[in-house]
Structure formats: structure tokens, C-alpha cells
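S.K.: here are the coordinates; sequence isn't available:
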């Protein structure tokens, strides 16, 4: 089993790599080779007995995608991309990386020869949906993104489905909820505050909340995101059928419920580190985002997620803080 | 008023040109210039007092899209494209013409300068939808095309919506029903038989029906298609809102109902010229096509269509046969 991860230096990419190295297998087959690529060279995993190629490479650049799949990986996790805020600020960069990069990867696979048809797991996003929404978004709700990021993700979903239908690749697209709690420093995603208001208080720092407490959203932990990817890699194509793009399950809760969960787990002092500073731009962006889904297909196909936001916070404390809270 | 038509040599393009020349105006403004482009030079309309540029040009070729909009047309009808059967047989050609060509046009407009924001009417298709379907497809049903043609149309819809949201263009996408009765000879579209079984018998020729009589489909006349385009050109952007892609109204009927309408209008002898020759490939393609819509938004926005298939046949007899049937 040879596994390729694009965007391997990103948060999800590093966690996925670590999980694959820890398991040593994917789809019940021993992993003999890992190819890790990103625009900056990804870290090489330690304690992996197989072969590792860690490459600084841009799949959107000429020849980049061909080079990425030159070793004919059996499973490709395509995580590379620029985040929503950046794709909105820099239209050309978002189109080049998120759309052209993904298309170049699909084209490299298509033109690699008829006997090459890897499983390609693509990380899409709930940003493919745009308001106004029904109370819960069903699997057959239309894609009307309200950001360039969501547009690029929706287009790649369509390409992936057509390349899969034609037998050029064996694709699965998974629409990730907002991933919280993201470790590390804030990135340029407009959704960053959903993580900040948990992460910073737990680390003894103040966090800024730019939206109303009543904002409702759809979340999953980084641990669940990695679980989705690994489950998608092993999905039976016949069970999946032609509609290969799936909304992942998540935890639906308000910001107030997030804060209440933080208070239950870490106490009043930690929860009091959240400072309210309404930001009209962020509020406007978030108002266009989806809130609640009915991910019936994904649940039927065996995807699973945390049962509550409390579990999401506990996953962060276990995975990132060694079980310790800065009270 | 300067109007650009891409794909101006095609059936709809020629009829749209003729209607614009006959009216002399669009959106209540006198048409001073018509730019007509296609891969082969479109015919120059006679009796048009304004300026005409009729160019052989490929908007997917380098510089082609920039050249097309060099005169800064106020309204662009983007009809250019390869049809469904051809896009399915030649994947690369379909992607190049239907996707890359449309994207090149959008990019040419975006980079033409901030003060240039034309109304762009894009002809999409009900092929953006794929089975399984609800009884009637509502405006918020998801896009799951089952052909490369439908995929390319769906992607351009997404691009058009994002370019419009960002203020680069003022777009409207209209999803045309299957257009019947197409004049002239059969083209490569798998839907061609819907026209053949009316057109050939009315002209004294035999027609082949490759599917079952029970096949249900969604139709509009070429006359209605031109009406949709002209109505879309004048739509108020505020009334349209951010969901700029619209399913057009149509006439829903079975092949048996089509044939019954032909018999009512032209008699038994004409209707008996239809020969049944089931074709499993065509049947399989058609089985994945949508059948019936609930085009509530388009109706609310003032789009209109024939009330029955009888009217569609009569439009053909009037517009193409000078009122005469070969009995």
C-alpha cells in the first residue's frame, strides 16, 4: 500500500500522517510507502519502517501533479488548498490552488494510463452550501456557495464525480464540518474564532468572539476529520454509488453552547477569558454559512463523529494539551 | 446597445440574431452593434441598420475571449459549446470548449477593468441534474450531472455565480429544456430523436424512435428558447438575487403524448412515419435525464413557455415550414 497525501504539512495532513504511521496499515493493507507533499516540505514521520518521500511541491505548477503521482500511489488524500479567508482575499490564488491544482491532479491521474485508477479522497467543505437554508440541510440540497472557496470546492466535487463516473479515478469527496479545536495559532479562515474561543482560554489566554452567542454551526474535531478520511479511503464504491460527494456528520451547536461546554469542563475562570468584540465582516460571512445538516447518507455509510461539543473539547485536551488545562 | 453572441452560427444563435434584428432593440435600447462569433464565421444578418462584426473565433483559444469582448458589449449571450453527445465522446474537447472557453470569457471580462460589468446570459441545461429524481425537480435540488456535458454546464453555473457575486460580471444562467423541434439535420445530441420524430414525419420522411413511448421529458420550442434569452437579458439583478442560475419552464410530456399531438395536428399518415428501433445506449443515457420540474422561480421572474406540446409543434410548422405539412 502506497499512500500519497497532498497538503501533508497542514494541520489535518500532519494528524493523518501520524495516524497512518501509528496504524501502519490502511484498508487492511500494510503501508509500505508514504509520499507527503506540500508547498513547503512536510516533516518526515519518525518511527515509520516503510519508505517515505517528503517533497516540497506545488501540484498547481507545471509538472507538479505528474510528479506527485509518479510512484502510482494506491490511495491519495487530496488535502492541499488555501483556506476560505485567503481564497476570498486573493481570488486568483484561490482559483489557481483550489481549482487548477485539483484539476491538474485529476488530469495527471487520467493521463497516467488506463490501468491506473487510485482511490482519491478529496476534502471538500460545507462551504459548498450557501444561505438561505432549510432547517436541516439534506443530502439533496443544491450547491449555492457564497464564497470563492466554496465555489472552488463545489467545482472540484463535480469534476471528481465525472472523472469517477468515467472510470479515470475512484473518487470520494467528503464535506468537512468546521474543524474545532484547531491546535496552534489562528489561520486566515473566517471560522477561526470557533477554535480560538476554546483553545486560547484553555491555554490561559484571552480569546476574541466576533459574533453573537446565538450563532449556530456544524463542528467536528480534528480526530474525527482524520477518522472521516480513513473511513472514506476504505469505502466500497458500489455501496457509495454515483453520488460520491458526502456531507460528513457533525455536532450542531450555538456559540453559547460551546461556551457552556467549556465552562462545564474547565470552569468559570477559563470560560471568562472570552472577550466579546463583534466584527460586522465576520458576522456577515458567518451568516451565509450552513448550520445544521441531515447527513443521512454518510451515517448509513458508517461515518461517525463526536456525540457532543463536550467530547470535542475533551479530544482537544487529550490530543493537544496532554490532558492539562491552564486554570 | 452593443450585443455579443457566442455560438452565433448555431441554431439558437441564428434565431436569436434574427429576432434581435427584427426587434432592433434589447432592454428598450436600440441595438447599434452586433458582434457575432463562432468557430466558423456566422452569417451576417441582412436588413440590419447598425454595425455588424461577424467573426470566426474560438473563445477557448489564447486571446480569443479578449478579442470577443474587445468592443465592450453591453449584453453577452454565451451560447457557444459542444453538445452532450460530443462532450461525452470527446472528453478533452468538451472540457476545453464548454469549461475552459466559458472560463476564458469570464476571465476576459474580469480583467477588462473595473468599470466593465456586462450582463452575461449563459445557456446552461437541465443536464446539470442527474437521476434519481423526485417526482418534480424543485429549484433547490442538487446538481448531480451524469454526463460530462452536464458537469461542464454545472461548473460554469458555479463560476458565473461567483463572478457575479464578486461584481466581475452581471450573470444569469438559464437551464434550457430539451429544445424541440430543432430544424435541419440531426446533430450529435443524444436527445436528437425528440425532434426527429416530429420533424421528419412532417417533412414526409421516416424517423427512428430509439426509446420507449413512456419516456417522459421536458421540452420547449426554439422560439421559447430565444424568448428566455431575451427575457434573461432584461432581468432585474435585485429581483433575481444571488441564486442567478434558473431552471426554465417547459412542457412535460411522454413520447406517446408527443406522437398523439403530432397525430392531432398532422394526421395518422404523418404519425405513422415513426419507426420504433430501440437503442439500449440512447435509452440508458435518457434514463438518467430529468423529466419534470417545478420552475417556480423562473415563473415568478416572468419567464414563459408553450402551454402544450401541440403548441410546440405548431411553432415549428409556422417558423420552419411556412405553415405547410407534407401529408
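M.R.: Structure received. Remember, it's a predicted structure, so these values are computed and weren't measured experimentally.

S.K.: and chain A, which residues reach chain B?
M.R.: Where proximity means Cβ under 8 Å from any Cβ of the partner chain, the interface of chain A facing chain B comprises A:91, A:130, A:134, A:139-146, A:148, A:151, A:154-155, A:158-159, A:161-162, A:165-166, A:242-243. For every residue, glycine as well, the C-beta is placed using N, CA and C.

S.K.: and the residues you listed, which of them are buried?
M.R.: Among the residues of chain A next to chain B, those scoring as buried are A:130, A:139-146, A:148, A:151, A:154-155, A:158-159, A:161-162, A:165 (criterion: 16 or more other Cβ atoms under 10 Å in any protein chain shown).

S.K.: mind checking which of these land in helices?
M.R.: Among these, the ones falling in helices (DSSP state H) are A:148, A:151, A:154-155, A:158-159, A:161-162, A:165.

S.K.: helix or strand for residue A:134, just tell me which one.
M.R.: Element membership for residue A:134 (DSSP states H and E) is empty, with no helix or strand holding it.

S.K.: contacting residues around it?
M.R.: With contacts taken as Cβ atoms under 8 Å, 6 or more residues apart in numbering or on different chains, residue A:134 has the following neighbours: A:141, B:140.

S.K.: hmm, residue A:172 and residue A:228 touching each other?
M.R.: No - with contact taken as Cβ atoms under 8 Å, residue A:228 and residue A:172 are classed as non-touching, separated by 9.9 Å.

S.K.: buried residues in stretch A:86-96?
M.R.: With the criterion 16+ other Cβ under 10 Å, stretch A:86-96 contains buried residues A:86-88, A:94-96.

S.K.: residues making contact with it?
M.R.: When contacts are defined by Cβ under 8 Å, 6+ apart, stretch A:86-96 is touched by residues A:60, A:82, A:98, A:147-149, A:152, A:188, A:190, A:285, B:166.

S.K.: let me see the mean pLDDT of it.
M.R.: Stretch A:86-96 carries an average pLDDT of 95.

S.K.: what do you get for stretch A:159-168?
M.R.: Stretch A:159-168 comes out with an average pLDDT of 97.

S.K.: what does that stretch contact?
M.R.: With Cβ under 8 Å, 6+ apart, stretch A:159-168 has contacts from A:102-103, A:106, A:109-110, A:117, A:120, A:122, A:169-171, A:173, A:242-245, B:91, B:144-146, B:148, B:151, B:155.

S.K.: likewise for stretch A:54-72?
M.R.: Residues contacting stretch A:54-72 (Cβ under 8 Å, 6+ apart): A:2, A:4, A:6, A:8, A:33, A:35-44, A:53, A:76, A:80, A:96-97, A:100-102, A:104-105, A:107-109, A:112, A:116, A:118.

S.K.: mind checking which of those residues are in strands?
M.R.: Among the contacts of stretch A:54-72, the members falling in strands (DSSP state E) are A:2, A:4, A:6, A:33, A:35-38, A:53, A:76.

S.K.: which of the residues you listed tops the neighbour count?
M.R.: Highest neighbour count within those, by other Cβ atoms under 10 Å in any protein chain shown: residue A:6, with 31 neighbours.

S.K.: against residue A:282, how distant is it?
M.R.: Distance of residue A:6 to residue A:282, given as Cβ to Cβ, to the nearest Å: 29 Å.

S.K.: do residue A:74 as well
M.R.: 41 Å.

S.K.: likewise residue A:327?
M.R.: As it turns out, when the distance is counted by Cβ to Cβ, residue A:327 lies 29 Å from residue A:282.

S.K.: of these two, who's got more company?
M.R.: Per other Cβ under 10 Å, whichever of residue A:327 and residue A:282 has more neighbours is residue A:282, with 20 against 9.

S.K.: surely that one touches residue A:191?
M.R.: No - counting by Cβ under 8 Å, residue A:282 sits too far from residue A:191 to count as a contact (9.1 Å).

S.K.: in the helix or strand encompassing residue A:319, what's buried?
M.R.: With elements delineated by DSSP H and E, residue A:319 resides in helix A:309-320, which encompasses its position. By 16+ other Cβ under 10 Å, the buried positions in helix A:309-320 come out as A:309-317, A:319-320.

S.K.: with pLDDT added, can I get these in JSON lines?
M.R.: Rendered in JSON lines, the data for the buried residues of helix A:309-320 read as follows (pLDDT from 0 to 100):
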{"residue": "A:309", "pLDDT": "98"}
{"residue": "A:310", "pLDDT": "98"}
{"residue": "A:311", "pLDDT": "98"}
{"residue": "A:312", "pLDDT": "98"}
{"residue": "A:313", "pLDDT": "98"}
{"residue": "A:314", "pLDDT": "97"}
{"residue": "A:315", "pLDDT": "97"}
{"residue": "A:316", "pLDDT": "97"}
{"residue": "A:317", "pLDDT": "97"}
{"residue": "A:319", "pLDDT": "95"}
{"residue": "A:320", "pLDDT": "95"}
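
S.K.: still on that earlier bit, so which of the contacts of stretch A:86-96 is the most crowded?
M.R.: Neighbour counts for the contacts of stretch A:86-96 peak at residue A:152, which has 31 neighbours (criterion: other Cβ under 10 Å).

S.K.: before we move on, what SS does residue A:124 have?
M.R.: Secondary structure of residue A:124, reduced to three states by DSSP: H, G, I helix; E, B strand; the rest coil: strand.

S.K.: state the distance from it to residue B:324.
M.R.: Remark: distance between residue A:124 and residue B:324 (Cβ to Cβ) = 55 Å.

S.K.: looking at chain A, which helix or strand is least sure?
M.R.: The weakest-scoring helix or strand in chain A, judged by mean pLDDT, DSSP states H and E, is helix A:280-287 (a mean of 87).

S.K.: so after it, what's the next helix or strand?
M.R.: With elements assigned by DSSP H and E, the helix or strand that comes after helix A:280-287 is helix A:296-300.

S.K.: which secondary structure elements does that next one sit against?
M.R.: Judged by 3 or more Cβ pairs under 8 Å, 6 or more residues apart in numbering or on different chains; DSSP states H and E, helix A:296-300 is in contact with strand A:245-247.

S.K.: ok, the strand it packs on: who's next to it in the sheet?
M.R.: The sheet places strand A:245-247 alongside strand A:170-176 (parallel), with pairing taken from DSSP bridges.

S.K.: who's in contact with the strand it pairs with?
M.R.: Outside of strand A:170-176, the residues within contact range by Cβ under 8 Å, 6+ apart are A:117-126, A:128, A:153, A:156-157, A:160-161, A:163-164, A:220, A:225, A:228-229, A:232-233, A:235, A:237, A:240, A:244-248, A:298, A:303.

S.K.: also stretch A:289-296?
M.R.: Defining contact as Cβ under 8 Å, 6+ apart, one finds that stretch A:289-296 is touched by A:126-127, A:129-131, A:133, A:135-139, A:191, A:216-218, A:246-250, A:252, A:303.

S.K.: how much space between the residue nearest to residue A:139 when sequence neighbours are not counted and residue A:247?
M.R.: In this structure, residue A:139 finds its nearest non-sequential neighbour in residue A:297, 4.9 Å apart by Cβ to Cβ, 6 or more residues apart in numbering or on different chains. Using Cβ to Cβ, one obtains 8 Å as the distance from residue A:297 to residue A:247.
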